[in-house]
Structure formats: C-alpha cells, structure tokens
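Predicted model follows, preceded by the sequence.
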Amino acid sequence: MGQWLEPSRRSDVPPFMVMDVMAAAARIEAAGGHVIHMEVGQPAAGAPSTAIAAAHAALEAGRIDYTSALGIPSLRERIARHYRDAYGCDVSPDRIVVTTGSSGGFILAFLSMFEPGDRVAVTVPGYPPYRHILTALGCEPVLIETTNETRHALTGEALLAAHRKAPLKGVLVGSPANPTGTMMSREALAGLMEAAEDAGIRFISDEIYHGLDYAFPAVTAAALSEHALVINSFSKYFCMTGWRVGWMVVPEILVRPIERLQQNLSISVPSLSQIAAEAAFDGAAEMEAIKHGYQENRRILIEGLPKAGLAKFLPADGAFYLYADVSDFTSDSFEFAKQMLEQARVAATPGLDFDPVHGRSFIRFSYARSPGEMREAVDRIAHWLK
C-alpha cells in the first residue's frame, strides 16, 4: 500500500471568506431568492467597449499565442504612458511586467523579494490574501493594527516600532485600501516610504483601486521611489475582473528575476486579455461614467446606513467599500453576515476576513453595483434591524 496523501502544511491557509459568502448567496438565488450582492469587490459593469472590440478582432484574426513572459511590448509601453498621463511620472516600459491579475503580481513580488522565514508587515484591517499568500510561500506576515487617529493608514512610526521588536524584510500597503477605503496623501505615503527605505525595509504598494478616488487624487509610489514595487490591475477601475490581467512596476534589478519566475510559473499572461487590456485605456470615458455611479452609491450608503442603524464606519475616500462597525448589534460579524443574508437577502463580508484582531465588530459592504440596488439594500437592512 502506498503512503496516504496528505495536504501540505503550506496549503493550510484560511479560506477567502468572501468567496464562501458568494457561494451561500448563489444557493439562495438558485432556490429563487433575490440577493443584493455587496460581498464581492466586483464591478457590476463589464469591460469597456474598446476592450471587447479588440478581443473580438483578435479572435477573428485567428491564432492566440504565447507572448513574452514580461507581456506584450505595446501593452507595456501603453502602461508606461499611463503613468506619464495620470501621474506625471516617467516609468520605463522595461520596468513594466504584465501579470495574471494583481494576485499573480503578489506571488511574483513575494517570490522575487523575500526568502522563506522573512517577516513582511501588512496592516489590519487589510486584504486577506496578502497574509495568506505570504504564509503559503513560507514567509511570516506581521500584522500592524491601524487606528482612527491615522485614518486607518500605516505610519512610519508604527512600521519602525514593529521593526524594532523583530526585524522586518518588507512592508505592503494599499491606497485606496481594502476594506476601509482609506487613502494616503502624498505626504503620508512619502513619509512611510522614507522610513521604510532608511530602515532597509522593502516596499510594495498595492494600487489596484487607483482611479477610484473621491477625496483627493491617488498618488503612486512609483513617483516617489524607483526602489518601490507597485502592483496594479485592470480588474477594478477597468471592470475586467475575469480577464485576469494586471501589471507591476518593478525596480530594475528585479526585472530579470521576475521574468524567469513568470517563464516557469505561467509562461505568459493570456494574450487575449493583454490585447483587451491595451485597448481598455481608450475606454476612459466609459470608466469615468461608471466611477460617477460609484460616487452616487457611496453617497446613498453614507447617508442611508446611519438612518438604518449603522452609523459608524471608516473613511471611504476611495475604492468601492464601506467598512461598518456593527458592535452595537453583535460580537460575531460572521453570524451577523449570515443572518443578514438569510433574512434580509443582503450579502456582505464579515470583518473577520480582513482583521483577525477586531474583525468580529465589522462588516464590509461593496458598493460596486447599481444605485437602485444600494437604495434597496439600505431599505432591507433598516427593516431587518428594527
């Protein structure tokens, strides 16, 4: 008899809870129920028409082949132009790497920057796959709590305090952030990056929600240092979640190592998605109209949820999330989310997904769908909480 097959220890990471919520919502819908989806960070709109047209043309032309491991050159050049147009920042196309969404970017970044056992700081609340991917790769995620005083953004002081306790090899931050919607000002981001570089801590900036900024324009770390590694994606602003295409701006010294990793891990990013992504930049007018819809949704929730009974939530400067404090109603956000789904037919994500420390007191609402659905969600929640 052969030895029993057992899962590896590195595969023992927590589930991404939002996916479990989606599955539960799907079961209700399969039974005929109508669920308002506020659990997943997925735009209700589709890809820009320019991207769809480019994909159709590519399919009609015939072959869809492998591309360079770093990405189609014209797409890399177009991304570099985006940095000039959007941020006034000169980035060489040679430093652009096309990835399989931001998720592929995180894997490539962590593999190229860290060794097993390295300690990498992430904030809580924060996007759970940061720490789950680090754990699976043998690194140690170091959770740093953020506070109301800093509007739930990481500061240089907090980073260095954690570094003094035990040395950090890296830090990852997002602005706009998931799940809080918090954004960092240019001064705040520059101060954090300076503190990190002075301490020899490698810096990764998750900028997947750039373009979805309401309080003030988002700032890219690429404009502040050539040593930072930036991760972005076409999933959120460009509404291309299922196309699985993103990009990185990487320090020059990491280009070849990341190219070797991509060659071996995936050969290349799907060429059809890359072709569509390049054309997506020409759909800016469509994307801005969708962004205005998010702004209206944000207004509906900020004004409506307090009337429904949920009056405490974190800043919603950008992205399309509102992170609400539900401690007046429960000490178990998972059970709260379960009951809200089953009884009010509103799907939202429990804060435990984002914060193992205080997440039992929070729920994340995504407002990436229609204004009508947001109004209906507020009405359902108000009736349910009575």
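Great, that's in hand. This one's a predicted model, so the numbers in the text were calculated from it and none came from an experiment. Residues are numbered from 1 along each chain as shown.

Break this structure into its domains for me.
As given by automatic domain parsing, the domain ranges for the chain are 9-46+285-385, 49-282.

among these, which gets the worst mean confidence?
The weakest mean pLDDT among the domains of the chain belongs to domain 9-46+285-385, with a mean of 92.

now the end-to-end length of that domain.
42 Å (CA to CA, to the nearest Å).

As JSON lines, the domains of the chain with mean neighbour count would be great.
In this view, the C-beta of every residue, glycine as well, is placed from N, C-alpha and C. Converted to JSON lines, the domains of the chain look like this (neighbours: other CB atoms under 10 Å):
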{"stretch": "domain 9-46+285-385", "mean neighbour count": "18"}
{"stretch": "domain 49-282", "mean neighbour count": "19"}
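
Give the full set of residues in contact with the nearest residue to residue 17 once chain neighbours are set aside.
Computed as CB to CB, 6 or more residues apart in numbering, the closest residue to residue 17 that is not its neighbour in sequence is residue 353, at 3.9 Å. Going by CB atoms under 8 Å, 6 or more residues apart in numbering, residue 353 touches 16, 17, 18, 128, 179, 359, 364.

if I look at residue 353, how far off is residue 344?
The gap separating residue 353 from residue 344 is 19 Å, by CB to CB, to the nearest Å.

before we move on, what about residue 110?
Here the criterion is CB to CB. By it, residue 110 lies 39 Å from residue 344.

and the contacts of residue 353, which two are the farthest apart?
Maximum pairwise distance in those, criterion CB to CB, is 13.6 Å, between 16 and 359.

Give me the subset of the contacts of residue 353 that lies in helices.
Mapping these onto helices (DSSP state H) picks out 17, 18, 128.

For residue 386, give me the pLDDT.
You'll see residue 386 listed with a pLDDT of 83.

Any chance of the backbone angles for residue 79?
Main-chain torsions, residue 79, degrees, to the nearest 10: phi -70, psi -40.

give me every residue that touches it.
By CB under 8 Å, 6+ apart, the residues touching residue 79 are 93, 96, 98, 247.

mind saving the C-alpha coords of stretch 15-35 as PDB?
Coordinates of each C-alpha in stretch 15-35 appear next as PDB, following Å, rounded to 0.1, in the frame of the first residue of the first chain:
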ATOM      1  CA  PRO A  15     -10.400  30.500   3.100                       C
ATOM      2  CA  PHE A  16     -11.000  33.800   1.500                       C
ATOM      3  CA  MET A  17     -14.300  34.200   3.300                       C
ATOM      4  CA  VAL A  18     -15.900  36.500   0.700                       C
ATOM      5  CA  MET A  19     -15.900  33.500  -1.700                       C
ATOM      6  CA  ASP A  20     -17.800  31.400   0.800                       C
ATOM      7  CA  VAL A  21     -20.400  34.300   1.200                       C
ATOM      8  CA  MET A  22     -20.800  34.300  -2.600                       C
ATOM      9  CA  ALA A  23     -21.400  30.600  -2.600                       C
ATOM     10  CA  ALA A  24     -24.100  30.900   0.100                       C
ATOM     11  CA  ALA A  25     -25.800  33.700  -1.900                       C
ATOM     12  CA  ALA A  26     -25.700  31.600  -5.000                       C
ATOM     13  CA  ARG A  27     -27.600  28.800  -3.200                       C
ATOM     14  CA  ILE A  28     -30.300  31.300  -2.200                       C
ATOM     15  CA  GLU A  29     -30.600  32.600  -5.700                       C
ATOM     16  CA  ALA A  30     -30.700  29.000  -7.100                       C
ATOM     17  CA  ALA A  31     -33.800  28.500  -4.900                       C
ATOM     18  CA  GLY A  32     -35.500  31.600  -6.300                       C
ATOM     19  CA  GLY A  33     -34.400  34.200  -3.800                       C
ATOM     20  CA  HIS A  34     -33.300  37.700  -4.800                       C
ATOM     21  CA  VAL A  35     -30.000  38.700  -3.200                       C
END
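
Please, where are all the helices along the stretch 51-200 of the chain?
In the stretch 51-200 of the chain, the segments counted as helices under DSSP state H, counting those that start in this stretch are 73-87, 101-113, 128-136, 156-165, 186-198.
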